[in-house]
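>>> Give me the fold of what follows.
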Amino acid sequence: MSGGGGAGRGRLAAALVAVLASYWLAALAPAPAAALAPPALSVRAAVLVAEGTGQQLYGSDQNEELPIASTTKLMTALVTLEHVRHLDQVFVAPDYYAASEDSQIGLVPGDRMTVHDLMLAIMLPSADDAAEDLAYNVGGGSVGRFVGMMNAEARALGLTHTHYSTPVGLDTPGNYSTASDLVKLATYELEHNRFFAHIVALPSATLDTGPVHYVVNRNDLVARYPWIVGVKTGHTSGAGYVLVAAGEQHGMTLLSAVLGTSSEAARDANTMALLDWGFANFHLVTPVHAGQVLARPAVTDRPGVHATVIAASTFGKVVQNGLAVTLRVVVPHELKGPLKRHAVVGYVLVRSGGHTLARIPLLLAHRLLAVSSLTLAARFITRPFTLLMVLVLVALAAGLIVRHRSSARMRGGIQLR
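Got it, this is the predicted structure:
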């Protein structure tokens, strides 16, 4: 700990001097690495985002509204999971026949499948007939009503450049999104639904109901790379090849979206180039955790007692490799009661690369009671200097009394003569 205030700065300035000076978090700062230039991608649009912090690490036309093919089914899945209570609920297939060139599992009207298996069918082989089945039944017998639910959910999530006109993702007017909106939607689903996060990471799955009993994930990166954990492919003539992908390495999750690539190979190559670049150049740091003790200032009029000061919240950030993260804790040298528990008594600055990343309030972990007047008086009386002065005064008083008595006896003796 360090800190201090000039004698001429006044009590207030002195009280605000940092108890802790800035210090380097060496463990959070890996050895500097040469920064790689962003990859050259052959896409119509792309984005790379860090999950949790929401930081965009790369973007190319990421807000351009484009056809999105079967990545539309990300919203079909979300609306279904938010309106169906039990995954073992059975739906009856409606009167719908997918075109021969469409991805499908061969449903015919009257086929019965659980929501669980229909979800696997739309997220892995991207079955259009399964998506239509879910939309019809969740929409209460109306696919149009279900599409309305999709658009309402998009508005609720703040997907301002997204609109749906189909639950399937075929090239139809009014069905579009952006790379940024697709990643935002996928991030929400991965963070809020365990079942969704589980199935999109499966290379393949077995179905207990329906016309087929084994399906393979069209996102072949899941099978090829164990750190790829989803999420959804898409392809139409208007959209080209689309992929929203998620990868986890070293405690950090990155999500990417590539739109308008020319082939499955190009889709995968562009996705891997983006994710590899992200993991090679950035890392996640969490220098401050909620409840972490960051200072122990003294307590006024309570010798030897120190208050416990903690961080109000956790802070995490994705930073470029080679950049160190520093903390500067600013609290008074002393705290004086009464103060309530969790009273704000200072702040901590998180800095990196010459920039302040965050200013986090610091809280008092336990309340401080005021020191009573009797206690202060007793401490004053029992101080060595005070005791010395009392003894001197007592001695002076005793001397005066003795002198007074001696004078009185002398006056009394004179009168007797």
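>>> Can you list the low-confidence ranges for the protein?
The chain contains residues with pLDDT under 70 at 1-36, 100-101, 372-383, 385-390, 408-417.
>>> residue nearest the centroid of it?
The centroid of the chain falls nearest to G52 when counting by C-alpha atoms, centre = their mean (4.0 Å).
>>> residues near the residue nearest to it when sequence neighbours are not counted, how many?
Once flanking residues are discounted, G52 sits nearest to G316: 6.3 Å by C-beta to C-beta, 6 or more residues apart in numbering. To be clear about C-beta, it is placed using only N, CA and C from the backbone, and glycine gets the same treatment. G316 is flanked by 16 other residues according to other C-beta atoms under 10 Å.
>>> Could I get the phi/psi values of G316?
phi -130, psi 150 (degrees, to the nearest 10).
>>> before we move on, what about V285?
For V285, the backbone dihedrals (degrees, to the nearest 10) come out as phi -120, psi 150.
>>> my read: it touches Q320, true?
No: assessed by C-beta atoms under 8 Å, V285 is found out of contact with Q320, at 10.8 Å.
>>> Between those two, which is the more surrounded one?
Using other C-beta under 10 Å, the more surrounded residue of V285 and Q320 is V285, with 23 against 14.
>>> Please report the distance of that one from M252.
Noted for V285: a distance of 10 Å to M252, by C-beta to C-beta, to the nearest Å.
>>> what do you get for A280?
With C-beta to C-beta as the criterion, A280 and M252 are 12 Å apart.
>>> do A98 as well
On the measure of C-beta to C-beta, A98 and M252 end up 39 Å apart.
>>> now the helices for the stretch 51-200 of the chain?
Applying DSSP state H, counting those that start in this stretch to the stretch 51-200 of the chain gives helices spanning 73-83, 115-123, 128-138, 143-156, 179-192, 194-199.
>>> mind putting those helices in TSV, mean neighbour count and distance to F91 included?
Below are these laid out as TSV (neighbours: other C-beta atoms under 10 Å; distance: least, C-beta to C-beta, whole Å):
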stretch	mean neighbour count	distance to F91
helix 73-83	23	10
helix 115-123	27	6
helix 128-138	26	4
helix 143-156	17	12
helix 179-192	22	20
helix 194-199	16	16
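>>> so which of those helices comes closest to V258?
Proximity to V258 (C-beta to C-beta) singles out helix 179-192 among these, at 7.5 Å.
>>> circling back to that earlier point, who wins for proximity to A312 among the helices of the stretch 51-200 of the chain?
helix 179-192 (22.5 Å).
>>> just how off-centre is the closest one within its chain?
Once both centres are worked out by C-alpha atoms, centre = their mean, to the nearest Å, helix 179-192 turns out to sit 14 Å from its chain's centre.
>>> Likewise for stretch 235-254?
21 Å.
>>> Export that stretch to CSV, keeping only CA atoms.
Output of stretch 235-254 as CSV, limited to C-alpha atoms (Å, rounded to 0.1, in the frame of the first residue of the first chain):
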residue,chain,number,x,y,z
HIS,A,235,-27.9,-21.9,-47.8
THR,A,236,-30.2,-20.6,-50.5
SER,A,237,-29.4,-19.2,-54.0
GLY,A,238,-30.1,-15.7,-52.7
ALA,A,239,-28.2,-16.0,-49.5
GLY,A,240,-25.3,-18.1,-50.6
TYR,A,241,-23.7,-20.2,-47.8
VAL,A,242,-24.1,-18.8,-44.3
LEU,A,243,-22.7,-19.9,-41.0
VAL,A,244,-23.1,-18.7,-37.4
ALA,A,245,-20.4,-20.4,-35.4
ALA,A,246,-19.2,-20.5,-31.8
GLY,A,247,-15.9,-21.5,-30.4
GLU,A,248,-14.4,-21.9,-26.9
GLN,A,249,-10.7,-21.7,-26.0
HIS,A,250,-8.8,-20.7,-22.9
GLY,A,251,-12.0,-19.6,-21.0
MET,A,252,-13.1,-17.3,-23.8
THR,A,253,-16.1,-17.9,-26.2
LEU,A,254,-16.1,-16.1,-29.6
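>>> So for that stretch, what gets flagged as buried?
235-236, 239-248, 252-254 (16 or more other C-beta atoms under 10 Å).
>>> among the residues you listed, which are in strands?
Among those, the residues falling in strands (DSSP state E) are 235-236, 240-248, 252-254.
>>> Of those residues, just say which sits nearest to H289.
Taking those together and measuring to H289 by C-beta to C-beta, the closest member is M252, at 16.7 Å.
>>> Show me what that closest one bridges to in the sheet.
As for beta bridges, M252 partners with Q249 under DSSP bridges.
>>> ok, now which ones touch it?
The contact partners of M252, taken as C-beta atoms under 8 Å, 6 or more residues apart in numbering, are A50, F279, F282, H283, L284, V318.
>>> you'd agree H83 is up against G140?
No: counting by C-beta under 8 Å, H83 stays clear of G140, with 9.7 Å between them.
>>> Cheers, nothing more for now.
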